[in-house]
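> Sequence first, predicted model second:
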Amino acid sequence: MLAALLFASSVALAHDDGHGKPVFDASKAEQKEFGIAGDPTKVHRTIKLVMNDDMRFTPTRIKVKEGETVKLVVKNKGKIMHEVVLGTTASLQQHAATMRKFPDMAHTAPYMAHVKPGGIQEIVWTFNRPGHFDFACLLPGHFEAGMAGKIEVGEKNRRNYFN
């Protein structure tokens, strides 16, 4: 069932713009505990995320502000397939368990990128909820080998109107 949910996750990108580029459709964006698909035309910052066959990400920690839309440019410098999936600790552990049962499971969502060796993919994500979240490669064996990182989303600066 989780496999079907992962595959059927709302994708916030429409077909394409006639030039092969996906078009963002906010009406299809699904709010997650860790944020929502971001509009590529409203990116605040680009962060490079590198994956290697040593089963590590560089950087391993990312800090963003609540409300910030970030473009993650994910590069696979390894010789084998890797992926990055954003989520909570619990959702990533559950997804990793499903991937161990169904290693060839086809799934796609705006919070994940599958990157071939030498390839580059992008994730545009709006971190609209404060908290501590995670990212990981959930291909069988990769997560278990430590291929994971942390995302810290700091709260927006709030004005105190009582002072």
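That came through, no problem.
> Can you classify residue 133 by secondary structure?
Recorded secondary structure, residue 133: strand (DSSP: H, G, I helix; E, B strand; the rest coil).
> Repeat that for residue 41.
helix.
> can I assume it is in contact with residue 26?
No - judged on CB atoms under 8 Å, residue 41 makes no contact with residue 26 at a distance of 11.0 Å. For glycine as for every other residue, the C-beta is placed from the backbone atoms N, C-alpha and C.
> quick one, what contacts residue 142?
Contact analysis of residue 142 by CB atoms under 8 Å, 6 or more residues apart in numbering lists 55, 82, 136.
> and residue 81, what does it touch?
114, 115, 116, 117, 139.
> Which of those residues are buried, as a ChimeraX select command?
Those of the contacts of residue 81 that count as buried under 16 or more other CB atoms under 10 Å are selected in ChimeraX with:
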select :114,115,139
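> Closest one to residue 32 out of the contacts of residue 81, please.
Each of these was checked against residue 32 using CB to CB; the closest is residue 114, at 18.4 Å.
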